[in-house]
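Visitor: Could you look at this predicted model? Sequence included:
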Amino acid sequence: DISGKNIGSLAAWLGVSPSAKLSYGLSGKLELKDRNWQISSFSAHLGKTKLQGQLGWKSGNNDPLVSAKLKFENVVPAELGTIAGDAETAEGESDEKGFAFDMPIMPQKVEFKDADIDLAINRIQLRKLDITGFFLTSRIRDGWVEKSPFQAVVKDVQFKGQLSLDLRSDLPEFEFKIDSSRVDIGMLLAGLNIAEGIDATVGSFGLDLTIRGSSLRTILHRSEFSAQMKDGNWTIRDPNTSASLKIRILECVVAASAGQPVTWVIDSLIKEEPVKIEIKGDRLAALAAEKVRLPLDIIAETAGVQLKLDSVIDLPFEPNKVDFKMSLSGEQLDSINNFLEVDLPPYGPYEVGGRFKRIKNGYYLTDLAVRVNQSHMTGEMSLDTVAQPPRLDIDLTTRKLQIDDFKAGDWSPVKTTTDKSKGGVTGKTTKQQDGGKDVQALLSQEFMRSLDASFNLKVQEVLSGKDKLGNGILKAGLEKGRFFVDPMQLNIPGGS
């Protein structure tokens with residue numbers, strides 16, 4: 001029997017961190033016969049991680065045969081992660097091939113070339129979820145096993161897969177192929193301490209994971225994975241109004257090559273419009289830091305429109321604490337009509353950028369920069385979603401404003417369409433000519449009642465073509481379904 005209160009006291013023997021404070025214990029009945037040994041009635045614990053079973057070693061003509069029949073009652077990865085010592089660099093694996101333990105307490109390396117392994121784990125405790133009912137049966141010969149089936153259950157969802165193992169090269173290599181259906185992705189991200197509050201599910205899930213190395217540091221540098229998801233839904237909600245944006249996921253691929261950043265590529269539909277979303281994070285090795293801060297770059301593209309979001313986030317990421325550098329650009333402003341369900345003027349090309357933040361009462365865009373063709377404006381914008389109705393405030397200033405940049409053609413904010421059956425006109429909902437989707441006129445009663453708003457614009461110089469018209473201000477707003485301008489003033493030479 002061996003036991004103690006702090007595993008760190010064995011740092012010189014086991015290579016763990018001297019500051020590791022987990023209790024430990026090991027007991028069993030050792031039987032030796034010639035060059036063979038067996039440990040029966042084996043039990044061990046390290047902190048809350050507990051296992052029992054039996055181990056054996058049988059010498060052969062070439063390589064020994066290791067046998068292990070182990071049952072873990074409980075595994076706590078977060079706790080086990082605190083004992084790691086100084087791992088070897090990613091480039092510095094052992095000169096010997098195979099999966100080996102180098103311990104000063106042992107006279108020579110112990111290599112696992114041939115092994116019979118039966119492994120059962122009752123529960124793996126992650127931060128927000130448990131993995132239960134894990135079973136693996138594997139027969140390793142000459143450091144190689146082609147396919148070993150395993151299974152596990154996560155929140156009543158069963159995952160099945162196969163494990164391939166290669167211990168013949170300089171780096172041990174494990175390959176996992178995992179499949180499942182009807183998977184709650186938000187639950188998995190929370191359980192892995194990656195993100196909180198994500199509402200996303202998929203109909204099918206497949207994972208190809210290759211783990212290389214025998215230390216955590218090497219594994220994170222050398223491993224790679226690719227996850228394929230299809231037939232899913234991702235819902236983004238405003239916590240104040242419960243308004244939601246539903247994203248239909250056609251296909252999503254999350255992947256990382258060895259030493260490369262994790263990327264997400266999502267083919268989706270938003271309000272029946274095809275949208276491609278690309279997300280780029282950091283390398284897997286960044287997850288080994290005590291406090292994880294990751295760069296996050298997001299690009300969403302649809303016909304004529306591109307949205308870019310850049311930030312550095314702490315894990316777990318929380319959608320309600322969004323703070324991004326944002327850029328929205330396109331050829332014509334009315335190309336986003338279907339997304340906003342309002343008929344905007346066909347101004348363009350345009351670009352809107354700034355610092356986008358999620359605050360307690362809504363959303364705030366600071367360092368705002370707006371470009372419409374050759375006219376540039378700066379300022380700030382806020383959307384208060386606690387107010388009823390929600391309130392939008394926009395304050396802009398510009399040194400020069402070119403009127404020709406804001407030609408709208410036949411567009412009108414009161415967009416009327418002729419009702420031939422009644423011979424009259426209506427200022428209500430209209431339809432886009434290209435998409436045929438119902439949208440509201442900008443000054444329709446439906447839209448004006450949906451929010452209150454203020455718009456302030458200060459212009460140092462107003463141009464019409466090459467003509468200098470002077471300077472001016474514009475103050476406009478929406479209050480309780482009423483649109484007003486008060487005032488609009490243009491100061492010209494000799495008057496206003």
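Guide: Happy to help now that I have it. Numbering: from 1, shown residues only.
Visitor: show me what contacts K246?
Guide: Applying Cβ atoms under 8 Å, 6 or more residues apart in numbering to K246 gives the contacts N233, W234, T235, I270. Every C-beta, even on glycine, is put in place using the N, C-alpha and C of the backbone.
Visitor: out of these, which are buried?
Guide: By neighbour count, with 16 or more other Cβ atoms under 10 Å, the contacts of K246 hold W234, I270 as buried.
Visitor: Which of the contacts of K246 fall in helices?
Guide: In this view, the contacts of K246 have no member that belongs to helices under DSSP state H.
Visitor: Now render the contacts of K246 as CSV, adding pLDDT and distance to N74.
Guide: Formatted as CSV, the contacts of K246 follow (pLDDT from 0 to 100; distance: Cβ to Cβ, whole Å):
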residue, pLDDT, distance to N74
N233, 96, 34
W234, 94, 33
T235, 94, 34
I270, 91, 43
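Visitor: what about the strands in the stretch 351-496 of the chain?
Guide: Counting by DSSP state E, counting those that start in this stretch, the stretch 351-496 of the chain has strands at residues 362-372, 375-384, 391-402, 417-419, 424-426, 430-431, 438-441, 452-464, 467-479, 482-491.
Visitor: OK, contacts around E173?
Guide: By Cβ under 8 Å, 6+ apart, E173 lies in contact with L165, D166, L167, T210, I211, R212.
Visitor: Equivalent analysis for S496, please.
Guide: So S496 contacts G470, Q489, L490 (Cβ under 8 Å, 6+ apart).
Visitor: Please convert the buried members of these into ChimeraX selection syntax.
Guide: Buried members of the contacts of S496 can be picked out in ChimeraX with the line below, counting by 16+ other Cβ under 10 Å:
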select :470
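Visitor: Output the contacts of S496 in TSV; the columns should cover distance to E146 and pLDDT.
Guide: As requested, these are exported to TSV (distance: Cβ to Cβ, whole Å; pLDDT from 0 to 100):
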residue	distance to E146	pLDDT
G470	81	84
Q489	80	83
L490	80	79
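Visitor: tell me which of the contacts of E173 is nearest to G4?
Guide: I211 (30.3 Å; Cβ to Cβ).
Visitor: for the closest residue to the closest one other than its chain neighbours, which residues make a bridge with it?
Guide: Once flanking residues are discounted, I211 sits nearest to F174: 4.3 Å by Cβ to Cβ, 6 or more residues apart in numbering. Counting by DSSP bridges, F174 is bridged to L165, I211.
Visitor: Nearest to P349, out of the contacts of E173: which one, please.
Guide: Nearest to P349 out of those is T210 (Cβ to Cβ; 44.2 Å).
Visitor: Now the phi/psi pair for the most centrally placed residue in the chain, please.
Guide: Geometric centre of the chain, nearest residue: A195, 6.8 Å, by Cα atoms, centre = their mean. In terms of degrees, to the nearest 10, the main-chain angles of A195 are phi -150, psi 150.
Visitor: so what's it up against?
Guide: Per Cβ under 8 Å, 6+ apart, neighbours of A195: G186, L189, L315, P316, F317, E318, P319.
Visitor: switch to 7 Å and redo it
Guide: By Cβ atoms under 7 Å, 6 or more residues apart in numbering, the contact set of A195 is L189, P316, F317.
Visitor: From I236, how far off is the nearest residue to the last one once chain neighbours are set aside?
Guide: Using Cβ to Cβ, 6+ apart and skipping residues adjacent in sequence, the residue nearest F317 is A195, 4.3 Å away. Using Cβ to Cβ, to the nearest Å, one obtains 12 Å as the distance from A195 to I236.
Visitor: What residues sit buried inside stretch 369-385?
Guide: V370, R371, V372, S375, H376, M377, G379, M381, S382, L383, D384, T385.
Visitor: Y350 is in contact with the second one, correct?
Guide: Going back to what we said before, that points to R371. Yes: proximity of R371 to Y350 meets the contact threshold set by Cβ atoms under 7 Å, at 6.4 Å.
Visitor: so where is the stretch 351-496 of the chain shaky, pLDDT-wise?
Guide: 415-437, 494 (pLDDT under 70).
Visitor: re earlier: just put the strands of the stretch 351-496 of the chain in a markdown table and tack on distance to E341.
Guide: A markdown table is the format used below for these (distance: least, Cβ to Cβ, whole Å):
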| stretch | distance to E341 |
| --- | --- |
| strand 362-372 | 18 |
| strand 375-384 | 16 |
| strand 391-402 | 15 |
| strand 417-419 | 16 |
| strand 424-426 | 17 |
| strand 430-431 | 11 |
| strand 438-441 | 5 |
| strand 452-464 | 16 |
| strand 467-479 | 16 |
| strand 482-491 | 18 |
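Visitor: Looking at the ones you listed, which is nearest to S41?
Guide: strand 362-372 (61.8 Å).
Visitor: and that closest one, C-alpha only, in PDB?
Guide: The C-alpha coordinates for strand 362-372 follow below in PDB (Å, rounded to 0.1, in the frame of the first residue of the first chain):
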ATOM      1  CA  GLY A 362     -28.300  46.700 -25.200                       C
ATOM      2  CA  TYR A 363     -25.500  47.300 -27.700                       C
ATOM      3  CA  TYR A 364     -23.000  50.100 -28.200                       C
ATOM      4  CA  LEU A 365     -20.900  51.000 -31.200                       C
ATOM      5  CA  THR A 366     -18.000  53.400 -30.400                       C
ATOM      6  CA  ASP A 367     -15.300  54.800 -32.700                       C
ATOM      7  CA  LEU A 368     -18.000  54.600 -35.400                       C
ATOM      8  CA  ALA A 369     -16.800  55.200 -38.900                       C
ATOM      9  CA  VAL A 370     -19.400  55.400 -41.800                       C
ATOM     10  CA  ARG A 371     -18.500  55.600 -45.400                       C
ATOM     11  CA  VAL A 372     -21.000  56.000 -48.200                       C
END
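Visitor: Distance check, K308 against S382.
Guide: 21 Å.
Visitor: returning to that earlier point: which of the buried residues of stretch 369-385 sits closest to W13?
Guide: Looking across the buried residues of stretch 369-385 and measuring by Cβ to Cβ, the closest to W13 is T385, at 58.6 Å.
Visitor: Contacts only, for that closest one.
Guide: Per Cβ under 7 Å, 6+ apart, neighbours of T385: D238, N240, T241, N361, G362.
Visitor: Could you single out the nearest of those to E301?
Guide: The closest of the contacts of T385, once distances to E301 are taken by Cβ to Cβ, is D238, at 23.4 Å.
Visitor: State the distance from the closest one to P390.
Guide: For D238, the distance to P390 (Cβ to Cβ) stands at 9 Å.
Visitor: Settle it for me: which of those two has more neighbours?
Guide: The neighbour comparison of D238 against P390 (other Cβ atoms under 10 Å) goes to P390, with 20 against 16.
Visitor: Could you report the neighbour count for E175?
Guide: By the criterion of other Cβ under 10 Å, E175 has 17 neighbours.
Visitor: So for it, what pLDDT did the model give?
Guide: Looking at E175, its pLDDT reads 90.
Visitor: How about it, nearest residue that isn't a chain neighbour?
Guide: Sequence neighbours aside, S164 is the residue nearest to E175 in space, at 4.1 Å (criterion: Cβ to Cβ, 6+ apart).
Visitor: Against E196, how distant is the one you found?
Guide: 34 Å.
Visitor: what sits against T302?
Guide: With contact taken as Cβ under 7 Å, 6+ apart, T302 is in contact with E273, P274, V275.
Visitor: D405 now?
Guide: The contact partners of D405, by Cβ under 7 Å, 6+ apart, come to V372, N373, Q374, S375.
Visitor: With that, I have no additional questions.
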